[in-house]
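Q: Have a look at this prediction, sequence included:
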Amino acid sequence: NMKRKLNISNIFNCWEEIVGTEIYKKAKPIKVTRGILYVSVTTSTWANELSLMSSQLIEKINSFIGEKVVTGIRFKQNL
């Protein structure tokens, strides 16, 4: 629905505010599909580091949005 699409677009528009500047510089959201947020990262080291933090990141995202829109995160080295 429209509200959900707006909430998902807020993830992209407010990414730095949600995750902080350090992560923002190293990781960018690509898309959300069926509750899974796909994130492009600069290095495999960052992919591993962020993987370990994924539950905290999911909580931060959903808390910021005010709705459970993300249930999982997948990190890919692309940047």
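A: Thanks, I have it.
Q: which residue ranges form the strands in the protein?
A: With DSSP state E as the criterion, the chain has strands at 27-33, 36-41, 72-77.
Q: right, and these - which one's nearest Ser54?
A: strand 72-77 (4.7 Å; Cβ to Cβ). Where you see a C-beta, it was placed from the backbone N, CA and C, and this is true even at glycine.
Q: Compute the inter-axis angle for that closest one and strand 36-41.
A: Angle of strand 72-77 versus strand 36-41, following axes from the mean of the first three to the mean of the last three Cα atoms, to 10 degrees, is 20 degrees.
Q: what ranges do the helices span in the chain?
A: Remark: helices assigned in the chain by DSSP state H are 2-13, 15-19, 21-26, 44-52, 54-65.
Q: could you redo the ones you listed as CSV and give each row mean pLDDT and mean neighbour count?
A: Formatted as CSV, these follow (pLDDT from 0 to 100; neighbours: other Cβ atoms under 10 Å):
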stretch, mean pLDDT, mean neighbour count
helix 2-13, 83, 14
helix 15-19, 97, 17
helix 21-26, 96, 14
helix 44-52, 95, 14
helix 54-65, 96, 16
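Q: I'd like to know which of those is closest to Val32.
A: helix 2-13 (5.0 Å).
Q: got the angle between the closest one and strand 27-33?
A: Using the same axes, to 10 degrees: helix 2-13 against strand 27-33 is 160 degrees.
Q: how about helix 2-13 as CSV, C-alpha atoms only?
A: Taking C-alpha atoms only, helix 2-13 is exported to CSV below (Å, rounded to 0.1, in the frame of the first residue of the first chain):
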residue,chain,number,x,y,z
MET,A,2,1.0,3.7,-0.3
LYS,A,3,1.9,4.2,3.4
ARG,A,4,4.3,1.2,3.2
LYS,A,5,5.9,2.5,0.1
LEU,A,6,6.4,5.9,1.8
ASN,A,7,7.9,4.1,4.8
ILE,A,8,10.3,2.2,2.7
SER,A,9,11.4,5.3,0.8
ASN,A,10,12.2,6.9,4.2
ILE,A,11,14.8,4.2,4.7
PHE,A,12,16.6,5.5,1.6
ASN,A,13,16.0,9.2,2.2
